[in-house]
Every structure is written in C-alpha cells, then in structure tokens.
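Enquirer: Have a look; sequence and predicted model below, questions after that.
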Amino acid sequence: MAVRIRMTRMGAKKKPFYRFVAADSESPRDGRFLDILGYYDPMKDPAVVKIHEDKMNYWIEKGARVSEAVQAILKRERKMKS
C-alpha cells in the first residue's frame, strides 16, 4: 500500500475547502483516508493554510509521497513564514 499526502475537496458548490490527508494512492480523491493532516481555504483573502507539522512529518518519515499540489502549497507557506 503506497501512501500519498494529497488534498480532498470539502465545502459547498462554488465554495471549495480542502483538507490535507494521508490516503492510499489507489483510493479516490474524496474517498477513504488514513489521517487528516491540515486544511487549506482558498476562498479567504489571503488563503488560510493550517498544517499539523507533527502528523505531516510522521507520514513523510513512514514513506508517504507528497502530491504536487500539496508540495506547492507547503513551499509557498514556508516562504511566507521566513
């Protein structure tokens, strides 16, 4: 079972809200997941990103691969904090 850290869509129609989740790579986008790692709300200005660093690091240490979209958001957030 390959684990991926990716986003799953939540929220109402035309009001997206995303969760960062650790999920089996074969499960559907909004399907079953293993753990919730944070959230991303692009509708706010500026966009709100909350990450549970300890959970994220745990799954990465276990060998989870990060999706391109999540990696871009994490990279942008780390730049803003510096």
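Expert: Cool, got the structure.
Enquirer: Ile5 is in contact with Tyr58, isn't it?
Expert: No: in this structure, Ile5 is not within contact of Tyr58 by C-beta atoms under 8 Å, at 10.7 Å. (C-beta placed from N, C-alpha, C; glycine too.)
Enquirer: Those two: who's more crowded?
Expert: In terms of neighbours (other C-beta atoms under 10 Å), Ile5 is the more surrounded of Ile5 and Tyr58; the figures are 23 against 14.
Enquirer: Wasn't the more buried one part of a strand?
Expert: Yes: membership of Ile5 in a strand is supported by DSSP: H, G, I helix; E, B strand; the rest coil.
Enquirer: Just give the nearest non-adjacent residue to it, would you?
Expert: Distances taken as C-beta to C-beta, 6 or more residues apart in numbering place Val66 nearest to Ile5, at 4.7 Å, with adjacent residues excluded.
Enquirer: count of neighbours near the one you found?
Expert: When neighbours are defined as other C-beta under 10 Å, Val66 has 18 of them.
Enquirer: Contact partners for it?
Expert: Neighbour list for Val66: Arg4, Ile5, Arg6, Ile60, Leu74 [criterion: C-beta atoms under 8 Å, 6 or more residues apart in numbering].
Enquirer: do Ile73 as well
Expert: Contacts of Ile73 by C-beta under 8 Å, 6+ apart are Tyr40, Val49.
Enquirer: How far off centre is the helix or strand hosting it?
Expert: Per DSSP states H and E, Ile73 falls inside helix 68-81. Its chain's average C-alpha position is 11 Å from that of helix 68-81, according to C-alpha atoms, centre = their mean, to the nearest Å.
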